[in-house]
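In: can you look at this prediction? I've put the sequence above it.
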Amino acid sequence: MNTFKDYTLKNMNLKNRIVMPPMCMYSSDNTGKANEFHYNHYITRAIGGVGLIIVESTGVVKNGRITDNDLGIWNNTQIDGLKNIVDGVRKYGSKIAIQLNHGGRKYTGIDGEIVAPSAIKFDEKSDLPKELTKDEITEIILNFKEAAKRAEKAGFDAIEIHAAHGYLIHQFLSPLSNIRTDEYGGNIKNRTRFLKEVLQAVAEVWPKEKPIFLRVSSYDYKSGGITLDNMVEIINDIKEYIDIVHVSTGGLIPAQINAYPGYQLNFSETIKVKCNIPTIAVGSITDVNMAEEILSNNRADLVAFGRELLRNPYLVLNEAKIRNLDIDYPKQYKNAFN
């Protein structure tokens, strides 16, 4: 089965094509440090045989989190807790990445001002964000760069830059949230500038042999927002700095989304073909048979199981047993899978 075949991206070799995508646990405190819950949460999925685990959205600055209970990577005191998770995950044969993020106008905490490319609210209930100055934009780019350095010190196999789900980079990309008139706004090339400069800064410090992932929302679900064709153009503009695209949709504005199984697959498949780049399919994928169809028909290179891995952390082991596949079961659990 293609789902259980290995996959290599730069120097990262995955034992299967199943990914645990970033899912916020809101389980830290104002220090932003990883704790016992995070360790148990991620190590359990590694014991369960997941090929790649991507740690949840991790703030590059305090007010770049989504909430004040998110993980952070804005200072060196946060490295040890993350390294502990990395070491534990790799001990059980999984690879591990971390998603670096700035929440922009979707920050809901109290530890710093809310900022965005333009002073436009997420919705009527949200606070009005402050429009970033060019100096502040430069500082945030440096925050991503420093976060990447810390991620390397923690030992991560890859990093993912979060440019999806309505957070700061997505806010720059979309004309619905970016009405700037300087070089960071206006046409699509200018709106892509912030993302490109973040990626360029990260590439300066991230080891060349390790992959860089990009999470995108390839459709805004509103007229005048990002379309799939726009996202293809954006990715083609910056793809020299990335190795794989993790393809989502939505999140920029409140919208009704019909999230049926595989509802984002067309976006993944189109980006894979038109940008000639590997992709990760994600979105209401719950069944390994579905993953097999996606991979066998070359619609994506990896498949992310989100909520399903929350419900069933031993998904990989259980599915391998059902199919009588010869995989490397944890020695402590082998008797259960004979």
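Out: Good, I have the coordinates.
In: for the stretch 151-300 of the chain, which segments count as helices?
Out: For the stretch 151-300 of the chain, helices defined by DSSP state H, counting those that start in this stretch occupy the ranges 168-173, 188-205, 228-238, 265-274, 288-296.
In: and the longest one, how far from the chain's centre?
Out: So the one you mean is helix 188-205. When distances are taken as Cα atoms, centre = their mean, to the nearest Å, helix 188-205 is centred 16 Å away from the chain's centroid.
In: outside of that helix itself, list whatever touches it.
Out: Contact with helix 188-205 is made by 100, 117, 137, 140-142, 144-145, 148-149, 152, 159, 161, 163, 169, 172-175, 178, 180, 182-185, 212, 214, 230, 233-234, 237-238, 241-242, as judged by Cβ atoms under 8 Å, 6 or more residues apart in numbering. To be clear about C-beta, it is placed using only N, CA and C from the backbone, and glycine gets the same treatment.
In: over to the third one?
Out: For helix 228-238, the external contacting residues (Cβ under 8 Å, 6+ apart) are 173, 188-189, 192, 195-196, 199, 214, 216-219, 226, 242, 245, 266-267, 270-271, 274-275, 277.
In: what's the ChimeraX syntax to select whichever of these are buried?
Out: Here is the ChimeraX command that picks out the buried ones among the contacts of helix 228-238, judged by 16 or more other Cβ atoms under 10 Å:
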select :173,192,195,199,214,216,217,218,219,226,242,245,267,270,271,275,277
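In: so where's this structure shaky on pLDDT?
Out: Within the chain, not a single segment meets pLDDT under 70.
In: what about the strands in the stretch 201-338 of the chain?
Out: Applying DSSP state E, counting those that start in this stretch to the stretch 201-338 of the chain gives strands spanning 212-217, 244-248, 279-281, 302-304.
In: a markdown table for these, including distance to residue 39?
Out: Conversion of the strands of the stretch 201-338 of the chain to a markdown table gives the following (distance: least, Cβ to Cβ, whole Å):
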| stretch | distance to residue 39 |
| --- | --- |
| strand 212-217 | 22 |
| strand 244-248 | 24 |
| strand 279-281 | 24 |
| strand 302-304 | 21 |
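In: quick one, which of the ones you listed gets closest to residue 111.
Out: In terms of Cβ to Cβ, the element of those nearest to residue 111 is strand 212-217, at 24.0 Å.
In: residues in contact with the closest one?
Out: With Cβ under 8 Å, 6+ apart as the test, strand 212-217 has contacts from 22, 54, 97, 99, 158-166, 170, 199, 202-203, 206, 226, 231, 234-235, 238, 241-252, 271, 280.
In: swap in 7 Å and give it another go.
Out: The contact list for strand 212-217, computed with Cβ atoms under 7 Å, 6 or more residues apart in numbering, reads 97, 99, 158-165, 170, 202, 206, 226, 231, 241-252.
In: now do stretch 278-292
Out: By Cβ under 7 Å, 6+ apart, stretch 278-292 touches 1-3, 9, 18-19, 21, 244-248, 259-265, 268, 271-272, 294, 299-306, 308, 319.
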